[in-house]
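Peer 1: Generate a structure from the sequence data that follows.
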Amino acid sequence: MSTEPIPGDGNAEIIPLRPAAPAPHPAAKDRLPAAPADRRPVIPAPLRRDNLSGTLAYATGLASHHARYHGLRLPAYLVLYVWHAIRGLFVLGGRLLVWWHVPELHNLVSLAVATGRAGHHDALNALREGKKTRAARGRIIAVCAVLALAVVIAGLIWLPWWAWALVAVALVLALARHGRPEGKPVIRSAVVAPQYQVPTPEIITRALGALGIAGINDALRTGAGIGYVTDVHRDGDGWGTELDLPHGVTAQMILQRRAQLASGLRRPLSATWPEPVPAEHEGRLRLWIGFHDISKLKPAAWPLAKAGTVDVFAGFPYGTDPRQRPVTAPIFEHNYLIGAQPGQGKTSAVRVVASAVALDPLAEMWVHELAGKGDLEPYARVAHRYVSGLDDDSIGYAADSLSMLRRELDTRSRKLKALPREARPDGKITRDMARNRGQRLYPLVAIYDEVQNLFMHDRLGDQAKDDAGYVIRLGRAYGIVLVLATQRPDANSLPTAVTGNISVRFCLKVPGQPENDMILGTSSYRNGYNSAAFRSGTDAGLGWLKAEADPLICRTYYIDLPAAEKIAERARVARGQAGTLTGYALGDDDQAEARSFAADVLSVFGDAARLHTASIAARLAAALPSVYADITPAAAASQLRALGVPVKNVREPGKAPAPGCDRAAVEAVTR
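Peer 2: Numbering: from 1, shown residues only. Below is the predicted model:
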């Protein structure tokens, strides 16, 4: 085994593995291999597409830190180097004088005198030799001084200024080398050496052997060992490797003993992340070991916090994994369950989902914050229905929303069946359908924060549970999505009828196994997906996300209240331009649900046979400001086209031709 340093970081290393090849079976040459051998990757793991961003981020971050650290200390470095150069000049001058004086001859003279009369002759010889040597060395010094003076004079005549600058720098560095005190470097490392061992294969194997798994112990005792599929390599902000466990040992067994594995590696629990690789086989383990406790890293800002939109049919950025790689979560055709103890990041996790829904102008959002703290108040600007409170009226409003969703589901079911088969591929709502606002088949996302306050209500709870279970069970194909969040995950607040069909689950810190399995599903705790192991406060925002595959560790992007305000304001502008602001966002919860855009347009036509879209937008804003205050001509044209009204160049009396529509076409749609 050999080590090979990584450029740019003297503390890290790649540990390539070169295991000895087993002796071939005598008859192996006569047999075909049972399976193709695993091929080592052509591109090194740190340079793969999924790791490249992390590798580059680490390298650029390290270079930036070095530049800032040493740049701040540069004036002090210059002063110290000049001081050490002056000191070095005196040190070298002293050494030159000592060399010229020949002090070792003085020792010979003293020794000869000490021997008495017999040594007087030797002492005289030593004195004569010393005199000759000093004269010879003096001449050497004089010649060198004359030559140096000549070089200086020639340089003054012919050398440019920048050459003198280079000579001065070289001279200062040379003198400072002799003048610097021993053991006191001027420039110190900007990076403190880590206080932990690089996880070599021996260390990893030792840690696995300490887990008390019989299959691993037998393999180590017989010498079979652990089969490392990839080298231990730098992987983002840590090290990674893949290995094949002994026969009969599964990756799930290692995941269940993550705490013991972290102890064996002498690393924090939040820096030790084993995960299965089911695409290969149940015994393949991918192990990632971080440089730092993940809680010490600053939470990442949401990538769409300042710009960008979301397509709820395609998913959205939800958080990062331990390697700081983005984690994408789905919305459409999924329902959410988010659970945590108070103060563990549940609100921010809900805000990420709410922000994503808000930034898709086609998605209608209903927000119910049933604690009365105003944590989701910014989204009231774009919500069709909104309530915040713990009183009976607020709980009743939230219960009414579930009842309305149930009726909406039944209505959409009839509408979808009435469409031609070619217009409803796979029997599901598509984005093209959502663009046609007249069909009312756009995505509808209802968010319930602190939902336990609704489900545990003595009068409204039972019906609300029944309605929620019905919507969760059947609503996914009709574009209706429920997002439920709670800080009290138990059988009373989250009955199985509600949670049984939820497909996206996010569990942050919870007290123990019952709450963990209530959020993530039965046996999750036993299988190693243990949110009770997170530390209160320290690991806020960190949780197990179970979406379309096995649970994975995820730290949600952090969105505080001011950031949510800015996101909601952008979303309101986008929705105003698209003409999709309705309900509470326009101060009219009830009328917006039954409002017909075609009927509103027809009402402002008056006696005109045709109108420009600019005129339609202006008349709507003047006649119905509570609904259409922000509508633009482009938004009006878009909604008319979605209803099937042809938008073409038309002529208003006294005006040049411009995009607009005929009154007859709008009347046909209303009929």
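
Peer 1: where does the chain have low pLDDT?
Peer 2: Scanning the chain with the threshold set as pLDDT under 70 gives 1-40, 45, 50-51, 104-124, 126, 183, 192-197, 588-596, 626-627, 671.

Peer 1: Just confirm Glu617 contacts Ser638, I think it does.
Peer 2: Careful, residue 617 is Ala; it's not Glu. No: assessed by Cβ atoms under 8 Å, Ala617 is found out of contact with Ser638, at 11.0 Å. In short, each C-beta sits where N, CA and C put it, glycine included.

Peer 1: So if I had to pick from those two, which one is more boxed in?
Peer 2: Ala617 (23 against 20; other Cβ atoms under 10 Å).

Peer 1: ok, now how distant is that one from Gly94?
Peer 2: 91 Å (Cβ to Cβ, to the nearest Å).

Peer 1: Might one say that Ala642 is in contact with Asn436?
Peer 2: Yes: counting by Cβ under 8 Å, Ala642 touches Asn436, with 4.5 Å between them.

Peer 1: can you tell me which helix in the chain is longest?
Peer 2: helix 120-158 (DSSP state H).

Peer 1: the inter-axis angle of whatever helix or strand comes next after that helix versus helix 120-158?
Peer 2: Using DSSP states H and E, the helix or strand that directly follows helix 120-158 along the chain is helix 161-179. Angle, helix 161-179 to helix 120-158, by axes from the mean of the first three to the mean of the last three Cα atoms, to 10 degrees: 150 degrees.

Peer 1: What residues of helix 161-179 count as buried?
Peer 2: Val172, Leu175, Ala176, Gly179 (16 or more other Cβ atoms under 10 Å).

Peer 1: and Leu460, how many neighbours?
Peer 2: Counted with other Cβ under 10 Å, Leu460 comes out at 19.

Peer 1: what separates the residue nearest to the spatial centre of the chain from Pro303, distance-wise?
Peer 2: The centre of the chain sits closest to Thr320, judged by Cα atoms, centre = their mean, with a distance of 3.3 Å. Counting by Cβ to Cβ, the gap between Thr320 and Pro303 amounts to 10 Å.

Peer 1: Return every residue with contacts to both of the two.
Peer 2: Taking Cβ atoms under 8 Å, 6 or more residues apart in numbering as the criterion, Thr320 and Pro303 both touch Pro326, Tyr557.

Peer 1: how deep is the closest residue to Gly138 other than its chain neighbours tucked in, by neighbour count?
Peer 2: Once flanking residues are discounted, Gly138 sits nearest to Trp100: 6.2 Å by Cβ to Cβ, 6 or more residues apart in numbering. Using other Cβ under 10 Å, Trp100 has 16 other residues around it.

Peer 1: So what does Trp100 look like in phi/psi?
Peer 2: Main-chain dihedrals, Trp100, degrees, to the nearest 10: phi -70, psi -40.

Peer 1: is it true that it touches Ile141?
Peer 2: Yes: between Trp100 and Ile141 there is a contact under Cβ under 8 Å: 6.2 Å.

Peer 1: so how far is Val167 from Pro160?
Peer 2: For Pro160, the distance to Val167 equals 11 Å [Cβ to Cβ].

Peer 1: Surely Val310 is in contact with Pro361?
Peer 2: No: applying Cβ under 8 Å, one finds Val310 not in contact with Pro361, separated by 9.6 Å.

Peer 1: which one of these two has more residues nearby?
Peer 2: Between Val310 and Pro361, Pro361 has the larger neighbour count (other Cβ under 10 Å), namely 24 against 20.

Peer 1: Might one say that that one is in contact with Gly576?
Peer 2: No: the pair Pro361 and Gly576 fails to qualify as a contact (Cβ under 8 Å) at a distance of 9.0 Å.
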